[in-house]
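J.: dropping the sequence and predicted coords here.
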Amino acid sequence: MANLAVAAHEAKILQRKQRGFWHDAGARLIRSTNGQVGIVIVIILVLTALLAITVFPYNPRTDSDLPNRLKSPTWAPQDAEEKPSSHFTLMGTDDQGRDVLQRVIHGAPISLQVGLVSVVFALAAGSAIGLIAGFFGGGLDNFLMRLMDIMLAFPSILLAIGIVAARGPGLNNTILAISIVNIPIYARITRSTTLSIKEQDYILAANMIGSQNYRLIFRHVLPNSLTPIIVQGSLSIATAILEAAGLGFLGLGAQPPTPEWGAMLADGYKYLTIGAWWVLFFPGAAIMLTVLGFNLLGDGLRDALDPRRQA
């Protein structure tokens, strides 16, 4: 019986090796409760964004309907005689008479665009800096890391505000600012991982047989550095969406009448005192659920990619 148990265990190990690391990581992510909830929320957000772009086109400049401003949420459609393009007001209307539900839905692709584009840019730039600094070391490492330390000395939202204020408000400048303030995070993560990897025996052996630096970086160091970068990237999407909402709330992000969630909060909070809670609540709930989804997905990825769980 003992021999059978050992043989079964060895067969499982062999099967796991044949499937590969990423296959096992995906299976662990699917089994994770945090990962499951995060995946569901993110999929719903992505589908909403795709539907908003392809199925329900929207022009925020022509959606104003002042006679129906600040209508409370209702299950009944608006009067078709007053507005031929009537729609359900499940989330009420804002101070311009625009359907809050429609604007929240069309804010999803904007938030996804900010989160994904800014994280991809920051990840690429920060990882390149971290790889160069960690692999070559010396004065170059010292210079690049001190530059990253200077950037980290400023609170990220204040640095983003300064960048946007210098370049002018707008969605593109918001993406650029959020990208820049997140570069040091990836640079430090990649540098620390690179310093650890380049001391491994297989890197030393490759050096001894004359492998060129670019081959060592792209064939050995970078692929083995991807795990913490991927986890940080998934978590940073949530942070980027929050920072974009903060800039939008301050009037530095996407400009009206663009249906950006932070700008909607800025437009709606002033009407909270007269009981129009829906103008503030639903964009805030959209931000909360989106950030929650990406945070849970990041937690699930962190657990799934943990090498200690491969045993």
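T.: In hand now; what should we look at? Values in this document were obtained by computation on a predicted structure and should not be read as measured data. Numbering: from 1, shown residues only.

J.: where do the strands of this structure begin and end?
T.: Counting by DSSP state E, the chain has no strands to list.

J.: grab the most central residue of it for me.
T.: Ile237 (1.2 Å; C-alpha atoms, centre = their mean).

J.: that one reaches Val114, doesn't it?
T.: No - here Ile237 lies out of contact with Val114, judged by C-beta atoms under 8 Å, at a distance of 9.1 Å. Glycine gets a C-beta too; all of them are placed from N, C-alpha and C.

J.: just to revisit the earlier point, who touches the residue nearest to the centre of the chain in this structure?
T.: In this structure, Ile237 makes contact with 115-116, 119, 294, judged by C-beta atoms under 8 Å, 6 or more residues apart in numbering.

J.: list buried residues within the residues you listed.
T.: 115, 119, 294 (16 or more other C-beta atoms under 10 Å).

J.: look up how far Leu90 lies from the second one.
T.: Think Val119. 31 Å (C-beta to C-beta, to the nearest Å).

J.: can you map out the helices along the stretch 101-250 of the chain?
T.: 138-152, 156-167, 171-197, 201-208, 213-216, 222-224, 226-249 (DSSP state H, counting those that start in this stretch).

J.: ok, which of those comes nearest Thr48?
T.: helix 226-249 (14.0 Å; C-beta to C-beta).

J.: okay, the angle between that closest one and helix 156-167?
T.: 60 degrees (axes from the mean of the first three to the mean of the last three C-alpha atoms, to 10 degrees).

J.: list the buried residues for helix 226-249?
T.: Quick answer for helix 226-249 (16+ other C-beta under 10 Å): 227, 229-249.

J.: still on that earlier bit, ok, and the closest non-adjacent residue to the residue nearest to the centre of the chain?
T.: Closest residue to Ile237 in three dimensions, ignoring its sequence neighbours and counting by C-beta to C-beta, 6 or more residues apart in numbering: Gly115, at 4.1 Å.

J.: with Phe282 instead?
T.: Nearest non-adjacent residue to Phe282 (C-beta to C-beta, 6+ apart): Met91, at 4.7 Å.

J.: what's the local residue count around that neighbour?
T.: 23 (other C-beta atoms under 10 Å).

J.: same question for Gly26.
T.: Gly26, neighbours per other C-beta under 10 Å, totals 16.

J.: likewise for Gly92?
T.: 20.

J.: now swap in Asp95 and tell me
T.: Counted by other C-beta under 10 Å, the residues lying close to Asp95 total 15.

J.: show me the contacts for Leu289.
T.: 41, 45.

J.: do you know the pLDDT at it?
T.: At Leu289, the model reports a pLDDT of 95.

J.: pretty sure Thr258 sits against Pro109.
T.: No - Thr258 is beyond contact range of Pro109, at 11.1 Å (criterion: C-beta under 8 Å).

J.: now do Leu242 against Leu235, distance only.
T.: 11 Å.

J.: can you give me the pLDDT of the residue nearest to the centre of the chain?
T.: pLDDT, Ile237: 93.

J.: got it, and Asp99?
T.: For Asp99, the model assigns a pLDDT of 89.

J.: again with Ser32
T.: So Ser32 comes in at 85 (pLDDT).

J.: what's the neighbour count on it?
T.: With other C-beta under 10 Å as criterion, Ser32 counts 20.

J.: just give the closest residue to it, not the sequence neighbours.
T.: Gly300 (4.3 Å).

J.: show the contacting residues for that neighbour.
T.: Counted by C-beta under 8 Å, 6+ apart, Gly300 has contacts 29, 32, 34-36, 38-39.

J.: Leu204: which of those is nearest?
T.: Leu29 (33.3 Å).

J.: do you know how far the nearest residue to Phe294 once chain neighbours are set aside is from Phe218?
T.: Leaving aside its sequence neighbours, Phe294 sits nearest to Ala238 (C-beta to C-beta, 6+ apart; 3.8 Å). Noted for Ala238: a distance of 29 Å to Phe218, by C-beta to C-beta.

J.: do the same with Val181
T.: 27 Å.

J.: higher neighbour count, these two?
T.: The neighbour comparison of Val181 against Phe218 (other C-beta under 10 Å) goes to Val181, with 26 against 11.

J.: where in the chain is pLDDT low?
T.: 1-22, 76-88, 306-311 (pLDDT under 70).

J.: ok, now with 50
T.: Filtered on pLDDT under 50, the chain yields the residue ranges 1-14, 17-18, 80-86, 311.

J.: and Ile183, what does it touch?
T.: Here Ile183 is in contact with 122, 125-126, 129, 148, 151 (C-beta under 8 Å, 6+ apart).

J.: at 7 Å what do you get?
T.: When the contact criterion is C-beta atoms under 7 Å, 6 or more residues apart in numbering, the partners of Ile183 are 122, 125-126, 129.
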